[in-house]
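Participant: Next comes the sequence, and after it the predicted model I'd like to discuss.
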Number of protein chains: 2
Amino acid sequence: MSSRPATTDDSYQTFYRDRRVMITGGLGFIGSTLAHQLVALGARVLIVDSLIPEYGGNLFNIAGIEDQVRVNIADIRQGSTMNHLVRDHEVIFNLAGQVSHIDSMEDPYTDLEINCRAQLSILEACRRFNPSVKVVFAGTRQVYGRPDGLPVTEQHLVKPTDINGINKAAGENYHLVYNDVFGVRACSLRLTNVYGPRQLMKHNRQGFIAWFLRLALTNQEIQIFGDGTQLRDFVFVDDAANAFLRAGAHDSSNGKVFNVGGLEPISHSALVTQIVSIAGSGRYRHVEWPPEKKAIDIGDFYSDSTLSERTFGWHPTTPLADGLARTLNFYRAHLDHYVPAERV
Amino acid sequence: MSSRPATTDDSYQTFYRDRRVMITGGLGFIGSTLAHQLVALGARVLIVDSLIPEYGGNLFNIAGIEDQVRVNIADIRQGSTMNHLVRDHEVIFNLAGQVSHIDSMEDPYTDLEINCRAQLSILEACRRFNPSVKVVFAGTRQVYGRPDGLPVTEQHLVKPTDINGINKAAGENYHLVYNDVFGVRACSLRLTNVYGPRQLMKHNRQGFIAWFLRLALTNQEIQIFGDGTQLRDFVFVDDAANAFLRAGAHDSSNGKVFNVGGLEPISHSALVTQIVSIAGSGRYRHVEWPPEKKAIDIGDFYSDSTLSERTFGWHPTTPLADGLARTLNFYRAHLDHYVPAERV
């Protein structure tokens, strides 16, 4: 990488001073949060984002740091563009992706192009034009499918239940093979459900929590599928972004996958109760599972992040109630930037 | 499927009488062997093959049954062609693929197009135009990567060490998701090293055993990488094809993956000694590992096929010495159809 050594514990903070860092999907939810943290640490940040309208990129996500980052609008499917952009960066946080499970079942080819083929393009670009870069890939707990046991560790079988999960697993594995075979250092973080400010809430096809927050804030009814007892873990976006910083600074992460999970599991019902209570608005009702969602539901899920803690000192720190309060405050102040005007 | 019930044990043989069966990659090594067996059982066989010169398709592979099968030359990457061809078949044996690990590292995009995108096309075609079909996919033990323990069962983690293994894992998982979500019945057979008559031996980028046989038959030197102690299991092609027949006839295979392994592991050195001894020609020498091959080698490997036995009554039956003798006899009689003329 450079003359500076890999870091342990909190030395990752100084690691990023003056680092040339690129974030694909950098105008999105997690990518932009990472950009804010990197700017605060003194990194030189290039954001690459396609701003595809249906996806999570949003220029408002970098409000406050827009003069401290460079933004390059580009689609990671454009191989020649990526060949140019990857050069000279020391760390690439590779978060650009198609993230809707539902969309992947209706249009598997687009999911394949973005989550498989474009990932290969980025890695090929690194191999050819920047082989000393470190790449941190945004993986997903979705690759595990229905858990065989809980909590889920990285030793759990990969058994995706939808096309998105399959393609994300392939994209992740490309990173590991380029690490092992071509020496392009890379690792993957398998994120559990991430929530927080700056998440897309213009539609409900990219995870349910932002949609629930929107319904609560606009005093509408939240529908809970089934009995709402299914457990999930949730990680606050600042915590998730912190895991990327640590993994990117730490060479012992190379060639490995890591769970990035939440503090403790909570049922859907309890989550919705908390949201409505903290928001002071909205209500909820139990409804039947829509069959196309039930078909790809995975039941209870929560993950074990011990390996992340042991390898690069990361663990989640934000209690759910605090995270939800901060998130609701953010959206209350900025809802017009996340919900189409006619709907607010 | 049809009014006839799924089968157990040897009833798969009557199951195929008058069945409309399609084989992708049907002019290849395993596909054509399957075609011979299906014709013998009275099935109505459509062979689909691209006859890409570098790949394993070979019209000589159906010598003797050419008047009892239909052959449609087509590339599975052609979505509209597949939309047409899948119709009206009761079982599809889906064996078309890019199978060279070495090629996948030099041209990952072609591997992606064939082993991922085209598999999606075939499954989409089935979902739209033939949802009651049963699909049996040719998977590979390569998806396991370097084994954590031996023998390897289907519970072993999927950790491919090359692009081909990653894409084959994705292709396999598409089949399982289309089974679970869309009801297109499908399963995957994770084949170990398959050997036997009709395997490509015009180049050495698709597995080493046929290449070793060619060198022995043409009285040349076989190079063994390293000390030759690494263990592998080998399954005779007739046995492998029999696993496809059983899996295709048996609905308890739906949505699952199965190892199709050999009788017992053998070291590379012992294998080569047997080949040279049975052939009565050729010789061997130990050489250093080429670095690009070493980088994707997986060490010892042999698999446990208990699940195949339990589910559809399959186990390997052909001893290695018998299989090698039959294979060498075949190539001795037909070498000109498998080795370019100037080389014989």
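Facilitator: Here it is on my side, so go on.
Participant: Enumerate every residue touching residue A:318.
Facilitator: By Cβ atoms under 8 Å, 6 or more residues apart in numbering or on different chains, residue A:318 lies in contact with A:236, A:238, A:239, A:263. Just so you know, the C-beta spots here come from the backbone N, C-alpha and C atoms, and that holds for glycine as well.
Participant: Next, the residues that contact whichever helix or strand residue A:139 is part of from outside, please.
Facilitator: Using DSSP states H and E, residue A:139 maps to strand A:134-140. Residues outside strand A:134-140 that contact it (Cβ under 8 Å, 6+ apart): A:1, A:25, A:30, A:90-95, A:97, A:99, A:119, A:122-123, A:126, A:165, A:168, A:171-172, A:175, A:178, A:184-191, A:244, A:247-248, A:251, A:253-254, A:257.
Participant: Per the annotation, how does chain A divide into domains?
Facilitator: A:9-195+A:235-260, A:209-232+A:264-302+A:317-338 (automatic domain parsing).
Participant: mind listing the helices for chain A?
Facilitator: Under the criterion DSSP state H, chain A contains helices at A:12-15, A:29-40, A:79-85, A:101-106, A:108-112, A:118-129, A:163-182, A:209-217, A:237-249, A:268-279, A:291-294, A:306-312, A:320-334.
Participant: from the contacts of residue A:318, which two are the most distant?
Facilitator: Based on Cβ to Cβ, the longest span within those runs between A:238 and A:263 and measures 13.1 Å.
Participant: So which bits of the stretch 151-300 of chain A are right by chain B?
Facilitator: Residues of the stretch 151-300 of chain A lying close to chain B by Cβ under 8 Å from any Cβ of the partner chain are A:155, A:157-163, A:166-167, A:169-170, A:173-174, A:176-177, A:180-181, A:295-296.
Participant: can we see that at 6 Å?
Facilitator: Residues of the stretch 151-300 of chain A lying close to chain B by Cβ under 6 Å from any Cβ of the partner chain are A:158, A:160, A:166, A:170, A:173, A:181, A:295.
Participant: I'd like to know which of the residues you listed is nearest to residue A:336.
Facilitator: Looking across these and measuring by Cβ to Cβ, the closest to residue A:336 is residue A:295, at 35.4 Å.
Participant: what's the closest non-adjacent residue to that closest one?
Facilitator: Of all residues not flanking residue A:295 in the chain, residue B:181 sits nearest, at 4.8 Å (Cβ to Cβ, 6 or more residues apart in numbering or on different chains).
Participant: returning to what we had before: in a markdown table, list the helices of chain A along with mean pLDDT.
Facilitator: Output for those, formatted as a markdown table (pLDDT from 0 to 100):
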| stretch | mean pLDDT |
| --- | --- |
| helix A:12-15 | 96 |
| helix A:29-40 | 98 |
| helix A:79-85 | 96 |
| helix A:101-106 | 90 |
| helix A:108-112 | 96 |
| helix A:118-129 | 97 |
| helix A:163-182 | 97 |
| helix A:209-217 | 95 |
| helix A:237-249 | 98 |
| helix A:268-279 | 96 |
| helix A:291-294 | 78 |
| helix A:306-312 | 97 |
| helix A:320-334 | 97 |
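Participant: In TSV, list those helices along with mean neighbour count.
Facilitator: As requested, the helices of chain A are exported to TSV (neighbours: other Cβ atoms under 10 Å in any protein chain shown):
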stretch	mean neighbour count
helix A:12-15	18
helix A:29-40	25
helix A:79-85	16
helix A:101-106	20
helix A:108-112	21
helix A:118-129	22
helix A:163-182	26
helix A:209-217	24
helix A:237-249	26
helix A:268-279	19
helix A:291-294	10
helix A:306-312	18
helix A:320-334	17
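Participant: Please produce TSV containing those, extended by distance to residue B:314.
Facilitator: What follows is the helices of chain A, written out as TSV (distance: least, Cβ to Cβ, whole Å):
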stretch	distance to residue B:314
helix A:12-15	52
helix A:29-40	46
helix A:79-85	43
helix A:101-106	32
helix A:108-112	31
helix A:118-129	35
helix A:163-182	26
helix A:209-217	46
helix A:237-249	44
helix A:268-279	43
helix A:291-294	34
helix A:306-312	38
helix A:320-334	50
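Participant: Can you tell me which of those helices is nearest to residue B:67?
Facilitator: The stretch from these with the least distance to residue B:67 (Cβ to Cβ) is helix A:108-112; that distance is 38.6 Å.
Participant: Just the C-alphas of the closest one, formatted as PDB.
Facilitator: Provided in PDB are the C-alpha atoms of helix A:108-112 (Å, rounded to 0.1, in the frame of the first residue of the first chain):
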ATOM      1  CA  PRO A 108     -32.200 -10.700 -12.800                       C
ATOM      2  CA  TYR A 109     -30.000  -9.400 -15.600                       C
ATOM      3  CA  THR A 110     -29.600  -5.900 -14.300                       C
ATOM      4  CA  ASP A 111     -28.700  -7.300 -10.900                       C
ATOM      5  CA  LEU A 112     -26.200  -9.500 -12.700                       C
END
